[in-house]
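In: I need the structure of the sequence given here:
(one chain, ligands or ions: 1)
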Amino acid sequence: MSNPIQPSGARIWDRCEALARCSEDPGALTRVFLSSEQRKADDLVLAWMREAGMSSRLDAIGNVVGRYEGTAGNAPCLMLGSHLDTVRNAGKYDGMLGVVAAIDCVHVLNGRGARLPFAIEVIGFADEEGVRFGATLLGSRAIAGTFDAGLLDCCDARGLSMREALLRFGLDPAGVGRAARRRADVLAYAELHIEQGPVLEAEGLPVGVVTAINGASRYTVDIDGVAGHAGTVPMNLRQDALAAAAECTLAIELRCGREPDLVGTVGRIEAAPGATNVIPGFARFTIDIRAPRDEQRRAAAAELESTISSICDRRNVAVRMRQTHEGRTAACAGWLQDQIGQAIAAEGLPVRRLPSGAGHDGMAMIDLVDIGMLFVRCERGISHNPLEAITADDAELAARVFLRFVEHFRPAPGRR
Ligand SMILES: [Zn+2]
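Out: So this is what the prediction gives:
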């Protein structure tokens, strides 16, 4: 039934469908960390790994780990993977596609009887989205050795702690540290993932090389003006907090639109007192700025801070801007970008490099090892949504590219 010579888009498709049926909600896909649905998905993945010639197991935090030995036993591995947990009411491909496609690559190698000079490990991370306990990247942080044991006391919406949930899942909360891997045992981490954005589709390309997982800076801005009667205060005598916030919003759009790959969003805005016939005396809005380079993001944020301050000065309203989040960029290693690019070119496709605006397991894995990513086109860039869609042809082509990358993988200079 399966073609041992190349990855199979049909098999990848069917397996994404099978994983999508492991859901706490029969009408939608929701699968959170340490749930019985995770157990069902794990059992499927463990079996597919064995069928592909790998040894397979759950590690100390519940990541699914498959290992395909190289020509010599116990060789350091090229680590491939993505996450098996989902957001609520998720799509079928965010995370799962990367796990299933990586298994398919090993399936093909095994079918050919091929062994490489290094081992391959495929990881299905138990938690990336952080839906259940509010903390993200739990599976990859455990492997990278950066899991914060203080998180074991975090509770889910029902008041159950992560510690208790691990016990109920059959894992030892005191032993999570055993999931950590040694730097010497891992040559690189590479992940195949849907783009979750519209760029590849807009350019008619099935795949792309990720340059970096964008860092993000977030702020909350408070503006104090003076509330007043909407009928009696002339326009030139107003201190309208919401009008100031609106001007700031447009300034953010303008500034971020000036540079490629820089994005800025005002996602929330509120005004008080919030009546039709009252000039808003107070406004609060959020800013989310992302870019593939930390300096680029910080420069834009600093410039916007001064722009916002001068807008508010001119409008005679008071402004306070406070930072609520700062996440650094996780740059994909140049040598891995080059090797992934060579695999794309060898399939006769143009090599499009693009940053990732969304977060991924690589953000944690980069503390252990160099990271690389291959993006796959998804329909209209829609993700974290049941409408998330890809084609089996794209899945097959992406898996071929990924397999070619794996087959021709050369460790970074100095690692061999
Ligand atoms: Zn994902």
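In: now residue 354. Nearest residue, chain neighbours left out?
Out: Using C-beta to C-beta, 6 or more residues apart in numbering and skipping residues adjacent in sequence, the residue nearest residue 354 is residue 208, 5.0 Å away. Using the backbone N, CA and C atoms, a C-beta is placed for each residue, glycine as well.
In: residue 152 against residue 165, yeah?
Out: No - the pair residue 152 / residue 165 is not scored as a contact, 9.4 Å apart, by C-beta atoms under 8 Å.
In: more neighbours, the two?
Out: Neighbour count, other C-beta atoms under 10 Å: between residue 152 and residue 165, residue 165 has more, with 23 against 17.
In: SS state for that one?
Out: Three-state assignment for residue 165 (DSSP: H, G, I helix; E, B strand; the rest coil): helix.
In: hang on, the earlier thing: is it true that the residue nearest to residue 354 lies in a strand?
Out: Yes - Residue 208 forms part of a strand when assessed by three-state DSSP.
In: that one against residue 353, yeah?
Out: Yes - judged on C-beta under 8 Å, residue 208 makes contact with residue 353 at a distance of 6.7 Å.
In: neighbour count winner among these two?
Out: residue 208 (27 against 16).
In: contacting residues for that one?
Out: Applying C-beta atoms under 8 Å, 6 or more residues apart in numbering to residue 208 gives the contacts 195, 199, 200, 344, 352, 353, 354, 374, 375.
In: which of those fall within helices?
Out: If you go by DSSP state H, those have 199, 200, 344 in helices.
In: please report the distance of the second one from residue 379.
Out: Distance of residue 200 to residue 379, given as C-beta to C-beta, to the nearest Å: 11 Å.
In: among the two, which residue is more densely surrounded?
Out: Ranked by neighbour count (other C-beta under 10 Å), residue 200 and residue 379 place residue 200 first, with 21 against 16.
In: nearest residue to that one in space, please, no chain neighbours.
Out: Leaving aside its sequence neighbours, residue 200 sits nearest to residue 377 (C-beta to C-beta, 6+ apart; 4.1 Å).
In: quick one: residues contacting the one you found.
Out: Residue 377 touches 194, 195, 200, 201, 205, 206, 207, 390, 394, counting by C-beta under 8 Å, 6+ apart.
In: rerun at 10 Å
Out: By C-beta atoms under 10 Å, 6 or more residues apart in numbering, the residues touching residue 377 are 194-195, 197-208, 390-391, 394, 397-398.
In: circling back to that earlier point, include pLDDT and distance to the ion when you put the ones in helices among the contacts of residue 208 into TSV, please.
Out: TSV is the format used below for these (pLDDT from 0 to 100; distance: C-beta to the ion, whole Å):
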residue	pLDDT	distance to the ion
199	97	17
200	98	16
344	98	21
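In: check whether residue 106 sits in a helix, strand or coil.
Out: helix.
In: hmm, residue 54 and it touching each other?
Out: Yes - counting by C-beta atoms under 10 Å, residue 106 does reach residue 54; the two are 6.0 Å apart.
In: report the set of residues contacting both of these two.
Out: Common contacts of residue 106 and residue 54 (C-beta under 10 Å, 6+ apart): 48, 66, 67, 68, 120, 121, 122.
In: can you count the residues close to the spatially closest residue to the first one that is not a sequence neighbour?
Out: When you say that, I think you mean residue 48. The shortest distance from residue 48 to any non-neighbouring residue, by C-beta to C-beta, 6+ apart, is to residue 103 (5.2 Å). Neighbourhood size, residue 103 [other C-beta under 10 Å]: 29.
In: quickly find the element holding residue 103.
Out: For residue 103, the enclosing helix or strand under DSSP states H and E is helix 96-111.
In: hmm, that helix touching the ion?
Out: No - on the criterion C-beta under 5 Å from the ion, helix 96-111 is out of touch with the ion, staying 7.7 Å away.
In: how about the nearest residue to residue 413, chain neighbours excluded?
Out: Distances taken as C-beta to C-beta, 6+ apart put residue 335 closest to residue 413, at 7.7 Å, once the chain neighbours are dropped.
In: tell me who's in contact with the one you found.
Out: 188, 370, 372, 410, 411, 412, 413, 415.
In: hmm, residue 66 and residue 50 touching each other?
Out: Yes - at 8.0 Å, residue 50 and residue 66 qualify as touching, with contact defined as C-beta under 10 Å.
In: before we move on, the earlier item: now do the shared contacts for residue 200 and residue 379.
Out: Shared contacts of residue 200 and residue 379, defined by C-beta under 10 Å, 6+ apart, comprise 194, 394.
In: residue 163 contacts residue 175, doesn't it?
Out: No - Residue 163 lies out of contact with residue 175 (C-beta under 10 Å); the separation is 11.6 Å.
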